[in-house]
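Undergrad: Here's a sequence, model it:
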Amino acid sequence: MRKRNTESIGEVLKQYFEENQFIKRKLAESRAVTGWSQLLGSMIASYTTNIYLRNGVLYVSLNSSVLRSELIMAKDRLINKLNEHAGMPVITDIIFR
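TA: Predicted coordinates:
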């Protein structure tokens with residue numbers, strides 16, 4: 001016998017994440033960090049030694065000074081691409097180390 005007010009698990013999860021903005025933001029932050037290697041490719045990811053997000057600032061450790069210089073010049077485009085990949089604006093700045 002089927003219940004009358006049934007919803008799919010996908011709909012229930014969607015409603016849950018819409019109601020809980022903290023979880024939605026944390027998922028977007030996670031997508032932004034994992035999007036680094038997806039958007040920039042395996043070559044740049046191989047030069048990345050550490051990456052993390054804290055208080056809206058993405059910290060990226062690189063082992064190539066030449067690559068660091070190139071990425072600093074493209075910082076604004078990177079922020080836009082990563083925020084777009086995350087689905088919401090979670091990155092305000094990028095610090096290259």
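
Undergrad: Tell me which stretches of this structure form strands.
TA: Assigned by DSSP state E, the strands in the chain fall at 48-54, 57-62, 93-96.

Undergrad: where do the helices sit along the chain?
TA: Chain-ordered helices for the chain, with DSSP state H as the definition, fall at 9-19, 21-47, 65-73, 75-86.

Undergrad: any residues touching the third one, and which ones?
TA: Residues from elsewhere that reach helix 65-73 (CB atoms under 8 Å, 6 or more residues apart in numbering): I44, Y47, V60, L62, L78, I94, F96. (Glycine included, C-beta is placed from N, CA and C.)

Undergrad: So which of those residues is the closest to E11?
TA: L78 (34.5 Å; CB to CB).

Undergrad: What sits closest to the closest one if chain neighbours are left out?
TA: The spatially closest residue to L78, leaving aside those adjacent along the chain, is I94, at 6.1 Å (CB to CB, 6 or more residues apart in numbering).

Undergrad: per-residue confidence for the one you found?
TA: Looking at I94, its pLDDT is 97.

Undergrad: show me the contacts for it.
TA: By CB under 8 Å, 6+ apart, I94 lies in contact with V57, L58, Y59, V60, L71, K75, L78, I79.

Undergrad: Bridge partners for it, pull those for me.
TA: Here I94 sits in beta bridges with L58, going by DSSP bridges.

Undergrad: Quick check: the gap between it and N5.
TA: Taking CB to CB, to the nearest Å as the measure, I94 and N5 are separated by 46 Å.
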